[in-house]
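[1] Need coordinates for the below:
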Amino acid sequence: MPPLRLGEPDGLASGFPNLDLTGEPDARAGMFPNQLHPRKQPLSRKSKSQKKRRAARAVAQTPTIDSAERATLALTVGWMLTVFCTAVAEVLGGAAFLLEKVWPLTGDDALALAAVPNVMLFIATITGLLSLALTPFVYRVQRSRLPPLITTLAMAIGLIPLVTITVLLVRR
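    From the prediction side, this is the model:
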């Protein structure tokens, strides 16, 4: 019986043509049965230079971004960073506030822990106001419409510190 070749119609895996199951190397493909990749051979100078030329062509064919698109992208990324910083400051301030209430400390540690929620609220307020101020500019320069959910969440995140300050001032 002739050896079964996987690339032939009665073979099992057509993805590996010329693979011999008898354990003998196949001279045509340069492969062994237990080896899925062809034997590595050093690249000749010609193939190295061709590879360099192909890479240079790929770099030359990359699309360029004009300055208006870069400015739009920078403004959008800056806006989202202010929203993210506001959210992180709110979460850290809330966690420090809860930690202070649940686990009261004494001495210098209590003073340090008591300052963290106020500092985080201050940071969240500044970045929140900045994110609210950037929102109309981002809407004006965007060519495509921003997703309404993201915009709504960004506005809510920017307003939370202002609402928190209002509630704290009313409670006093």
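[2] from here on, contacts and neighbour counts on C-alpha atoms
    Will do.
[3] Which helix or strand contains Met80?
    Using DSSP states H and E, Met80 maps to helix 67-102.
[4] helix or strand right after that helix?
    Helix 67-102 is succeeded, C-terminally, by helix 108-141 (DSSP H and E).
[5] So which elements touch that next one?
    helix 67-102, helix 148-171 (3 or more Cα pairs under 8 Å, 6 or more residues apart in numbering; DSSP states H and E).
[6] Pick the most buried one from the ones you listed.
    helix 67-102 (a mean of 17; mean count of other Cα atoms under 10 Å).
[7] tell me what it is packed against?
    Looks like helix 67-102 contacts helix 108-141, helix 148-171 (3+ Cα pairs under 8 Å, 6+ apart).
[8] 6 Å instead?
    helix 108-141 (3 or more Cα pairs under 6 Å, 6 or more residues apart in numbering; DSSP states H and E).
[9] Identify the residue spatially nearest to Phe97, adjacent ones excluded.
    Computed as Cα to Cα, 6 or more residues apart in numbering, the closest residue to Phe97 that is not its neighbour in sequence is Pro117, at 5.6 Å.
[10] Is that neighbour in contact with Gly93, as I believe?
    Yes: contact between Pro117 and Gly93 holds when scored by Cα atoms under 6 Å: they sit 4.2 Å apart.
[11] which stretches of this structure have low pLDDT?
    Low-confidence segments of the chain (pLDDT under 70): 1-46, 48, 58-63.
[12] go with 50
    8, 11, 13-14, 20, 26 (pLDDT under 50).
[13] could I get the helices and strands packed on helix 108-141 as CSV with distance to Leu113?
    As requested, the helices and strands packed on helix 108-141 are exported to CSV (distance: least, Cα to Cα, whole Å):
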stretch, distance to Leu113
helix 67-102, 7
helix 148-171, 18
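[14] which one of these lies closest to Gln50?
    Nearest of the helices and strands packed on helix 108-141 to Gln50, taken as Cα to Cα: helix 67-102 at 33.3 Å.
[15] residues in contact with the residue nearest to Phe97?
    Gly93, Ala96, Phe97 (Cα atoms under 6 Å, 6 or more residues apart in numbering).
[16] Domain ranges for the chain, per the record?
    Using automatic domain parsing, the domains assigned to the chain come out as 1-35, 67-171.
[17] Would you reformat those as JSON lines and include distance to Lys52?
    Below are the domains of the chain laid out as JSON lines (distance: least, Cα to Cα, whole Å):
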{"stretch": "domain 1-35", "distance to Lys52": "26"}
{"stretch": "domain 67-171", "distance to Lys52": "29"}
